[in-house]
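In: Sequence unavailable; structure follows:
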């Protein structure tokens with residue numbers, strides 16, 4: 001099979017596209033012909049050797065993919081050959097074929113195309129898990145989303161609105177904020193030009209925001225920690241800014257603030273039933289037109305290095321999706 005190949009840890013430019021043996025089909029697993037695969041920040045960390053899990057060489061990155069079931073193990077009962085599915089993977093999605101656990105597959109709605117499906121699992125799963133499981137976001141509360149034009153951030157804007165929140169989107173630049181508004185944000189903050197802390201206070205009448213979803217970290221986290229309401233909740237889902245913030249415990253005590261983390265992928269093994277319940281909700285919202293995944297770049301597999309550089313340079317919005325050209 002044709003695949004993106006990582007033979008050593010390093011920059012995206014070191015990735016190549018070539019032939020790898022098709023993975024063996026083991027009990028409980030399903031072979032999927034990949035049509036499209038979503039790019040995530042975690043993929044850039046994995047190829048650099050900075051992710052918490054390091055696959056053996058050579059490997060293909062790729063945490064999510066969409067395609068058609070080509071083969072199932074004899075013990076698999078709930079998946080059929082020819083079924084259109086999206087898959088959440090540990091790695092391996094940037095290839096013409098992938099073998100996945102049957103429990104990690106989710107049927108694609110008939111009217112959803114493969115590119116949209118490939119952009120769906122990680123961004124929307126993380127947003128929903130963070131806001132529901134970790135923050136217990138309630139209707140009428142104010143949600144602030146950092147990095148609101150990125151994959152998880154833009155998904156969180158839509159999910160927050162679907163959950164009944166008033167959503168404030170924070171991002172850098174007018175174009176990104178306009179995109180967040182088009183996806184449902186009630187208010188916006190340009191933290192390249194505005195004081196994030198003060199603007200968040202102003203937009204909440206001085207009270208501060210109730211919930212923050214933070215895939216950014218760094219200076220943005222430092223600022224927003226001081227603009228959270230009494231019993232506010234901050235959910236950390238990543239550190240796209242590059243700096244992992246240190247949290248002063250006295251700030252949490254003064255306002256009874258809770259700071260919690262979400263490693264969404266861990267639920268794949270620890271609570272798969274909860275993940276499936278979440279996907280049922282999300283796909284129902286998509287069918288109702290409440291979720292509209294945004295893909296700013298659709299590139300062929302061979303341009304994976306360019307795709308990762310676009311992400312690292314923050315030149316993409318929403319999702320970047322790689323296509324295999326498979327029939």
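Out: Sure, I can see it. Everything quoted here is computed from the prediction, not taken from an experiment.

In: and residue 130, which of the three is it?
Out: The three-state label given to residue 130 by DSSP: H, G, I helix; E, B strand; the rest coil is helix.

In: In contact with it, which residues?
Out: Applying C-beta atoms under 8 Å, 6 or more residues apart in numbering, we find residue 130 in contact with 156, 213, 235, 237, 262, 264. (C-beta placed from N, C-alpha, C; glycine too.)

In: What separation do you get for the second one and residue 70?
Out: The one in question is residue 213. Distance of residue 213 to residue 70, computed by C-beta to C-beta, to the nearest Å: 37 Å.

In: Can you flag the buried ones in the contacts of residue 130?
Out: Among the contacts of residue 130, the ones that count as buried by 16 or more other C-beta atoms under 10 Å are 156, 213, 235, 237, 262, 264.

In: these two touch, right, the first one and residue 211?
Out: No. Using C-beta atoms under 8 Å, residue 156 makes no contact with residue 211, being 9.9 Å away.

In: any chance you could map the helices in the stretch 51-200 of the chain?
Out: Listed from the start of the chain, the stretch 51-200 of the chain has helices (DSSP state H, counting those that start in this stretch) covering 114-118, 121-128, 151-162, 174-182, 196-202.

In: Counting by contacts, list what the shortest one packs against.
Out: Right, helix 114-118. Secondary-structure packing of helix 114-118 (3 or more C-beta pairs under 8 Å, 6 or more residues apart in numbering; DSSP states H and E): strand 29-39, strand 64-72, strand 84-88, strand 295-300, strand 319-323.

In: Now list whatever residues contact both of residue 156 and residue 211.
Out: Common neighbours of residue 156 and residue 211 are listed as 131, 143 (criterion: C-beta under 8 Å, 6+ apart).

In: need the contact list for residue 30.
Out: Counting by C-beta under 8 Å, 6+ apart, residue 30 has contacts 69, 71, 72, 73, 76, 79, 85, 99, 100, 101, 102, 105.

In: Turn those into TSV, columns for neighbour count.
Out: Shown next, in TSV, are these (neighbours: other C-beta atoms under 10 Å):
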residue	neighbour count
69	22
71	15
72	20
73	16
76	19
79	18
85	21
99	18
100	24
101	19
102	19
105	22
